[in-house]
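*Asks:* no sequence for this one, just the structure:
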């Protein structure tokens, strides 16, 4: 009997050893639900840089969990209201999943000097983890034609200049056929403006049914009379601008046209007589609110130009205009003023702008 | 014409064999006549707005299975069961069906090896080849329910916990005079499905067992169970399965003057290798299990207690032991549709009554991947004790037997997952299954049966707070049997099932991997009441008339609520 008892003990021990050969060390079985377990813990949310300078670098956040969870890191600009969202299913936050280049996921752009609140939430976790960073410098979005926060609009002179001219740009101007048509062109405070707090707003009506309401524009500084967009790939040039549609019934019959004037004959001045190329891109204003428009320069269509040129030549761009008028050439005898706003006009040479 | 020819052929065979002095032929048989009338309560939500589905049915059938057994010598035996079937309402001869239900051939090779061929009941251990009981069945359930379940089990070849497979089996016992008492060897093979060379492969099962009995005190065994597709019998876009389970077990016992002590253990490993040629995808996994039990039983008082611990790995795969006997989501045949107020036709979901009476919800083939289960019926061990990803303690306490004044059987399990599914928190399962029968007639020495039974199956699942998994089901059985005159029983019973809560079910792909999850939140109540009368001519022949009252309540979707009655007459004989 003792022998059998010994054998049985050996059998039980053998079974335990046998099953122990397979160790169940995985955190869980099957695809992760991403839910925080009941004993979930997360180390403090730590920014890699408390004062990030996004014009020269990036930053990230770190935190370590005791389980693989589905998390969400929300970065909110206290002043701008811009939001950047990171989401993932992992056991930690690191440079691989939270690297931030200062970009935004909303129409609003982060602002220089503003505090950004970072909030980490985890699916199934009742708590949250927070941190704050202050943006030393915002992300560079290319050649800035106009941000309209510091510009001085002078309706009397019809010429105004940005006191902090972007890359040496020239003077802004505005124009209308009939003084009664263009009600106003002004820099306005717009809480919804994507960049900063101001935007340019054009208000007018097609009094004389000429389809033309008003036009503003920017001429390159003279000399040399052409814009210097830097050393990027000009063949990959994009025009990026935020335009706000009024969304009213009346506004759907109006358009906003970006015009590009080339100094093809290198005269140093823009000639509006059709002897040089003029390219345009038209957008309808039937939508409501702010919207980012990103158009490759080669997608602009020729509006006027002699047979000698008729080719997109980014290196010869001398002026950019913004036309506001009726969609139909017969014009609209509207008596109710319509409006359009524009903000943050940039030109990028390495692909579309990433806000 | 075909069946007439068949009758003539069999008659010829029987007469011919009967005439041979050394080849005795004897007959066995099973006869059955059933008539059932079922009808919805017309006020039921499920049918009150429906104008297309049938609200009641009257059907039945007559079945006669003639078993022809031939024993030409001690070395050879063969039997075939010939079925005559006639649906109720068809005139005999015009709507009859005749078919072979079973063919078996046995022979003894070299006076040592019993070789069987044909339709065989095969089984090994609970982790290798085992047909688990349907979870809503109970040994304490009422006689009207048992009558229904016995019919379905007979039709589905559920003989005990074995699987009915078509193949061959060889077994042999070698006795020894010294050292060890006996070595038993069994080998089996079966073709579980036949290929259509499109979507269904040829799938073969091979198994075996070797047992060494040292004495009445000690015994060890080794088992193998393998299920594999034959390469090339299915399209390259489908998964080819190959799974093998190897296991070892032992039994030891020790007897004192009043007590029997026992220890039983089994451990094993599964190796699965699934591949899909078209995508060059191959998944190989192995995992194991262990199950150790200790028991004590009184030699003179009918009392026994067993306690066990088991651990079954999350990837342990054993189609022979994990295939479910009942298809939880199969729609029943009985009054199968109803209508919603919107006018759409809906399938009736199966309930406890269908699980005891509808052959259509029963499964007869081994499944290579884990089948989808309904937590309403069993959430703790949907695939029996071999349910993967479970560990914990189980106990059994028994007192008395079915003929004693009091018979008690309590089964309980406290289980948890080995690995949490989808997150680190593990589910915890509690299963308590008590049952009692009191043979009241023994109180006053009456010879006629007066038995009262009650049983419960309580199951509780708790998950993490994050998932909110919390699921409870309770099933109650009640039974009363009163023998009024000799052989004439009045029977009654009830079966109630209530289940509610929240559970996250795993959805598996054809590689048996969890692909996604489905949140289910059932809130159901199912009631079946039964009353009937039965006259037992002999132990094997009886006539019974039963009435069943069904109520299905789905509190999450009240459109599915209905009441139904069924009146069921049966005459069953075996010889």
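*Replies:* Noted; the coordinates are in hand. Everything quoted here is computed from the prediction, not taken from an experiment.
*Asks:* Low-confidence stretches in chain A?
*Replies:* Low-confidence segments of chain A, defined by pLDDT under 70: A:1-9, A:11-13, A:15-22, A:154-171, A:175-183, A:208-209, A:222-224, A:329-335.
*Asks:* in the sheet, who's paired with residue B:105?
*Replies:* Residue B:105 forms beta bridges with residue B:78, residue B:117, as assigned by DSSP bridges.
*Asks:* Just give the number of residues close to it.
*Replies:* 15 (other C-beta atoms under 10 Å in any protein chain shown). In short, each C-beta sits where N, CA and C put it, glycine included.
*Asks:* Quick check: it touching residue B:118?
*Replies:* Yes: between residue B:105 and residue B:118 there is a contact under C-beta atoms under 8 Å: 5.6 Å.
*Asks:* who's in contact with residue B:128?
*Replies:* By C-beta atoms under 8 Å, 6 or more residues apart in numbering or on different chains, residue B:128 lies in contact with B:207, B:223-225, B:245, B:247, B:268, B:318, B:320-321.
*Asks:* The residue in the stretch 151-300 of chain A that chain B sits nearest to - nearest residue in space that isn't next to it in sequence?
*Replies:* Distances between the stretch 151-300 of chain A and chain B by C-beta to the nearest C-beta are smallest at residue A:292, namely 36.1 Å. What sits nearest to residue A:292 in space, not counting adjacent residues and going by C-beta to C-beta, 6 or more residues apart in numbering or on different chains, is residue A:242, at 5.3 Å.
*Asks:* list the helices and strands the one helix or strand the one you found maps to packs on?
*Replies:* Residue A:242 belongs to strand A:238-246 when elements are defined using DSSP states H and E. Contacts defined by 3 or more C-beta pairs under 8 Å, 6 or more residues apart in numbering or on different chains; DSSP states H and E place strand A:238-246 against strand A:254-262, strand A:288-296, strand A:338-348.
*Asks:* Of all those, which one is nearest residue B:76?
*Replies:* strand A:288-296 (88.2 Å; C-beta to C-beta).
*Asks:* Show me the contact partners of that closest one.
*Replies:* A:107, A:192-194, A:236-247, A:258, A:281, A:283, A:341, A:343, A:352-353, A:355.
*Asks:* Can you turn the buried part of those residues into a PyMOL selection?
*Replies:* This is how PyMOL selects the buried members of these, with burial counted by 16 or more other C-beta atoms under 10 Å in any protein chain shown:
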select buried, chain A and resi 107+193+194+237+238+239+240+241+242+243+244+245+246+258+281+283+341+343+353+355
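*Asks:* quick one, helices of chain A?
*Replies:* A:2-20, A:95-98 (DSSP state H).
*Asks:* Could you give the bridge partners of residue B:518?
*Replies:* Residues in beta-bridge contact with residue B:518 (DSSP bridges): residue B:505.
*Asks:* Correct me if wrong: it contacts residue B:508.
*Replies:* No: Residue B:518 is beyond contact range of residue B:508, at 11.1 Å (criterion: C-beta under 8 Å).
*Asks:* more crowded one of these two?
*Replies:* residue B:508 (16 against 10).
*Asks:* need the contact list for the more buried one.
*Replies:* Counted by C-beta under 8 Å, 6+ apart, residue B:508 has contacts B:369-370, B:372, B:514-515.
*Asks:* Going along the chain, name the helices of chain B.
*Replies:* B:2-19, B:45-48, B:143-155, B:319-322, B:352-357.
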